[in-house]
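> Sequence and predicted model, in that order:
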Amino acid sequence: MENVAPARALARRSYQLLQLGFVVAAIGIFLSLIALLGFAIPPIPPGHAQFGLYDFGRKALLIVGMAVGILGLALAIRAVTRRRENDLALITGDFLSSSLDERFSFIRNINRPGLGYIDAVLVGPPGALVFRILDRQGNLANEAAEWLKMTGSNQWTPLGFSPTREAVEDVEHLRAYLAKRGFADVPVYGVIVFTGDETVVQIAQQSPVVPISHLNTLVENLRGSYLANENRIPQQLAVAIRHLLMDEA
């Protein structure tokens, strides 16, 4: 099994976003300079009948210019700080690589327009398996899509987010993404993985919407679901999905 990430595609999109940020910032600076010039050298004297309208216009232009400049700066910062690797996904892929053969590709840190961000997707003859990977610790409880955590005072409180809902959204997004590109027949599954073992995180489950597994028991658990049928799609189709998610299509 290969454990890969679309590093070149991510770097290319970060560079494109950085360029866009610089262009937007330059436009904002240009608009702001025009507005400041209007303050420094007003073509209409303060006593003119149209001065009020002119004053409103130059102030509005300055505000717009500053807003556009800030947006450009935010885009540039986003491009520079964009995550290029997911360490938890890397650990998960390394674990799976000892159990799965060369027919499988574990693609980490997927972030594409029209798809959004996904921790990882395992692609092979059984189809596509979407991963939501966490390194939480302590006592957790899951019923359907709801999650609770136990506090230090042994009280159950909401976890604050739902890995189940996030996983379901990722699965739905990938299904829609593949369908738009002619791969509607590819089965897409989901799994929530905790990298810590049972001594690190304890999970009480009741009717989970998405399968949940510790990393150390992941392969065993997948044999009853995703890996139960390793002939759902032809290998050529699995390779095509791999190229698509790696941005090599």
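Structure received.
> helices and strands around the helix or strand G21 falls within, which ones?
Assessed by DSSP states H and E, G21 sits inside helix 7-40. Secondary-structure packing of helix 7-40 (3 or more Cβ pairs under 8 Å, 6 or more residues apart in numbering; DSSP states H and E): helix 51-81, strand 105-112. Yep, even glycine has a C-beta here, placed from its N, CA and C like the rest.
> Show me the domain layout of the chain.
7-81, 85-245 (automatic domain parsing).
> so which of these gets nearest M1?
The minimum distance between M1 and the domains of the chain falls on domain 85-245, with 3.9 Å, by Cβ to Cβ.
> how far away is the spatially most distant residue from the centre of the chain from G190?
The centre of the chain is farthest from one residue, G47, which by Cα atoms, centre = their mean lies 56.0 Å away. G47 is 69 Å from G190, where distance means Cβ to Cβ, to the nearest Å.
> what do you get for S105?
17 Å.
> which of those two has more neighbours?
G190 (25 against 22; other Cβ atoms under 10 Å).
> Check which helices and strands whatever helix or strand that one lives in sits against.
Assigned by DSSP H and E, G190 falls within strand 188-194. Strand 188-194 sits against strand 127-134, helix 163-180, strand 212-214, helix 218-222, with contacts defined as 3+ Cβ pairs under 8 Å, 6+ apart.
> Just name the most buried of these.
When you average the neighbours per residue for each of the helices and strands packed on strand 188-194 (mean count of other Cβ atoms under 10 Å), strand 127-134 leads with a mean of 23.
> What angle do strand 188-194 and it make with each other?
Counting by axes from the mean of the first three to the mean of the last three Cα atoms, to 10 degrees, strand 127-134 lies at 30 degrees to strand 188-194.
> Given strand 127-134, what are its sheet partners and their directions?
Sheet pairing of strand 127-134 (DSSP bridges) gives strand 116-124 (antiparallel), strand 188-194 (parallel).
> On the C-terminal side of the shortest one, identify the next helix or strand.
Which is strand 188-194. strand 201-206.
> Just checking the distance from that following strand to the centre of its chain.
25 Å (Cα atoms, centre = their mean, to the nearest Å).
> per-residue confidence averaged over the helix holding G21?
Computed over helix 7-40, the mean pLDDT rounds to 83.
> So which residue is dead centre in the protein?
Y117 (1.7 Å).
> Kindly state the beta-bridge partners for it.
Applying DSSP bridges, one finds that Y117 bridges with N111.
> Now tell me which helix or strand of the chain has the poorest mean pLDDT.
Each helix and strand of the chain was given a mean pLDDT (mean pLDDT, DSSP states H and E); the minimum falls on helix 7-40 at a mean of 83.
> quick one: it to strand 105-112, angle?
Inter-element angle recorded for helix 7-40 and strand 105-112: 10 degrees (by the same axes, to 10 degrees).
> what angle separates helix 7-40 from helix 51-81?
Using the same axes, to 10 degrees: helix 7-40 against helix 51-81 is 160 degrees.
> Let's see the pLDDT reported for G160.
On the pLDDT scale, G160 gets 93.
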